[in-house]
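S.K.: Got a predicted structure plus its sequence, pasted below:
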Amino acid sequence: MLKAIKDYIYQMIKLHSLRSRIFVIVLLVGIVPSILMRYAIVENYEERAVRLRQESMQDLLSTIASHLVTNNYLENYLLTDQQTLANKNVINAELEMLSGMYDGRILIINSNFNIIRDTYGLSEGKTVISEEVIKCFQGERLFNYDDQNGFIELTTPIVYTVPREDGESDSVVRGVMLTSISSDSITETMRILYQQSLTIEMLVIVFIVSLAFVLSYALTRPFNKVTAAIKEVKEGYSDEAISVPDYVETVQIIDAFNELLREKRAMDDSRQEFVANVSHELKTPMTSMKVLADSLLTQPDAPVEFYREFMEDIVSEIDRENQIITDLLSLVKMDKKVQDMNISSVSINDLTELILKRLRPIARKKDVEITFESNRNVVAEVDEVKMSLIISNLVENAIKYNNDHGWVKVVLDADHQYFTLAVGDSGIGIPEESLAQIYERFYRVDKSHSREIGGTGLGLAITKNAVLMHRGSITVTSTLGIGTTFQVKIPITYNPPKTPESKETDKSRNGRGKFMRKA
Ligand code: ADP
């Protein structure tokens, strides 16, 4: 249990599981935008609030600057007559109101850089020579927002219009208003905004994490179902075809698995059937031998001829048992891999001639005539032993299942890709309903007849396997009572199935010539 939890956490961290990936994706898609949105809202508010504050301040300060000009505030600030004092009081009240409203300080500086008015009353009479003041005298308005110390600073020129001799007029900066106001209210609003959005964000995060958890669980559930279903089959609790129709992907996985299962079961069935058939076939000669031996034992006084006859029967049963075992071994060899193919260039004409020469004495016993017709000289890339089995099995059958005084005709032909070997006979033929089964192991059309003539029912199974290993094909046509023709078609150039190992062999094969010459 602890290990399972550890594995789960490890998988989550390493993002090896689909569930952890879905979890992380939903988390990122949900949380990142909400964090970005919070920053965007707060930052945007700050910029907008500062800009609005600047604009409203600048409007008010410009109005006051024009009042200063109309009242000659800069020139008359030292005068104490009634009228000047009254004008000064009005302007001072405006300045006080403005600085009170924005929690700020306003300095009025004349062209000698003297501070003639300070709303805080601290610096009047002092001289101020700072960059922003000098620049403002040159007509440049400056604006500075110091978010660290929480104030906004701006300069406003006090501009006089001086008439020129040519009737035009010049704008001359004769004073500067240096204003600094507190930005605490903006900072405070930002703090509240930040806190509120943080609270909302926390709620969003809780929601997104829960959603990510639920989604990652729900979306991967069908895959867990697939694993559970496959496990059940593996452990033998169920042998039904399984189904998880939740997603197209799970349907595809399950279909592939069911197909595999079907193949495995078919293989199991055929293996079982094969073992049962082998046991049966091997038991039959044994039973005969036992019967023969038993009958000899029960007759101790039996004449010698009797013994001899029974012994001959026992020997023929042993021969038969031997034949079955030899055939079985050939078949097992055929079931091996492509790598076991021992490919070389073989003259099919010579090979056929050799096999026919070996079989002619057997044919002669039934007075069956064997002819070989070769339309071309064929040299092909084949496994010589397997090719010999193909030819000899087909010709042997053509002789075995022939009538006395019949014929067997072997025809070899080729095109630029394949060679064909047809073995025709004038024999007993194969019933149509048996044609599909003759390649099955131990299948015989007429068991007793086949047994009489020494058949094991394995010959055509071996032949077909050998043909398929050469990537060829075998076909049969037969008419009952008239005869049968088997035709084998095999590529002249051996063409192994495409496996990673075989690709290399392929390369080395390129460049070899064709193995066919005109006869
Ligand atoms: P067997 O060892 O019995 O000959 P095979 O696998 O070679 O086994 O053949 C399977 C069956 O197909 C044979 O038992 C026989 O009935 C039938 N058969 C094969 N070849 C011929 C043929 N040329 N003519 C008629 N029947 C044939």
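M.R.: Structure's in. What do you need?

S.K.: Might you name the residue of the stretch 201-350 of the chain sitting closest to the ligand?
M.R.: residue 327 (7.5 Å; CB to the nearest ligand atom). Any C-beta I mention is one placed from the backbone N, CA and C, and that applies to glycine too.

S.K.: for the stretch 1-150 of the chain, same thing?
M.R.: Taking CB to the nearest ligand atom, the stretch 1-150 of the chain has residue 18 as its residue nearest the ligand, at 52.1 Å.

S.K.: Return the helix or strand hosting residue 153 as PDB; C-alpha atoms alone will do.
M.R.: For residue 153, the host element (DSSP states H and E) is strand 151-163. Backbone C-alpha positions of strand 151-163 (Å, rounded to 0.1, in the frame of the first residue of the first chain) are rendered in PDB as follows:
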ATOM      1  CA  PHE A 151       4.400  61.000  -3.700                       C
ATOM      2  CA  ILE A 152       3.800  62.700  -7.000                       C
ATOM      3  CA  GLU A 153       5.900  65.700  -8.000                       C
ATOM      4  CA  LEU A 154       5.100  68.100 -10.800                       C
ATOM      5  CA  THR A 155       6.300  71.500 -12.000                       C
ATOM      6  CA  THR A 156       4.100  74.200 -13.500                       C
ATOM      7  CA  PRO A 157       5.600  77.200 -15.300                       C
ATOM      8  CA  ILE A 158       4.200  80.700 -14.500                       C
ATOM      9  CA  VAL A 159       4.100  82.100 -18.000                       C
ATOM     10  CA  TYR A 160       3.900  85.800 -18.800                       C
ATOM     11  CA  THR A 161       2.900  87.100 -22.200                       C
ATOM     12  CA  VAL A 162       5.300  90.000 -23.000                       C
ATOM     13  CA  PRO A 163       4.400  92.300 -26.000                       C
END
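
S.K.: that older thread, tell me, how many residues neighbour the residue of the stretch 1-150 of the chain closest to the ligand?
M.R.: Here the neighbour count serves as a burial measure; for residue 18 (other CB atoms under 10 Å) it reads 13.

S.K.: Next, the buried residues of stretch 297-313.
M.R.: Neighbour counts over stretch 297-313 (16 or more other CB atoms under 10 Å) mark residue 310 as buried.

S.K.: okay, how far is it across it, tip to tip?
M.R.: The first residue of stretch 297-313 is 15 Å away from its last residue (CA to CA, to the nearest Å).

S.K.: tell me the mean pLDDT over the helix or strand harbouring residue 68?
M.R.: Following DSSP H and E, the helix or strand that holds residue 68 is helix 18-70. This predicted structure assigns helix 18-70 an average pLDDT of 89.

S.K.: Same check on stretch 360-376?
M.R.: Stretch 360-376 shows a mean pLDDT of 93 in the predicted model.

S.K.: And it, what's buried?
M.R.: Of the residues in stretch 360-376, those buried under the neighbour-count criterion (16+ other CB under 10 Å) are 363, 368, 370, 372, 374, 376.

S.K.: if I look at residue 458, how far off is residue 304?
M.R.: If you measure residue 458 against residue 304 using CB to CB, to the nearest Å, the figure is 37 Å.

S.K.: again with residue 206
M.R.: 105 Å.

S.K.: same check, this time on residue 423
M.R.: For residue 423, the distance to residue 304 under the criterion CB to CB works out to 45 Å.

S.K.: and residue 424, what does it touch?
M.R.: Counting by CB atoms under 8 Å, 6 or more residues apart in numbering, residue 424 makes contact with 398, 408-411, 483-485.

S.K.: And for residue 423, the neighbour number?
M.R.: The local packing count at residue 423 equals 24, with neighbours defined by other CB under 10 Å.

S.K.: Not including adjacent chain positions, what is the nearest residue to it?
M.R.: Taking CB to CB, 6 or more residues apart in numbering as the measure, residue 423 lies nearest to residue 394, with 4.2 Å between them; neighbours along the chain are not counted.

S.K.: Residue 205 now?
M.R.: For residue 205, ignoring the flanking residues on the chain, the nearest one in space by CB to CB, 6+ apart is residue 31 at 5.8 Å.

S.K.: Name all residues that make contact with that neighbour.
M.R.: The neighbours of residue 31, taking CB under 8 Å, 6+ apart as the test, are 204-205, 208.

S.K.: Just give me the neighbour total for residue 122.
M.R.: Counted by other CB under 10 Å, the residues lying close to residue 122 total 10.

S.K.: what about it, which helix or strand?
M.R.: Under DSSP H and E, no helix or strand contains residue 122.

S.K.: Sticking with residue 180, tell me its helix or strand.
M.R.: Assigned by DSSP H and E, residue 180 belongs to strand 169-182.

S.K.: I'd like the distance from the helix or strand that that strand is followed by to the chain centre, please.
M.R.: Counting by DSSP H and E, the element after strand 169-182 in chain order, helix or strand, is helix 184-235. Chain-centre distance of helix 184-235: 27 Å, with CA atoms, centre = their mean, to the nearest Å.
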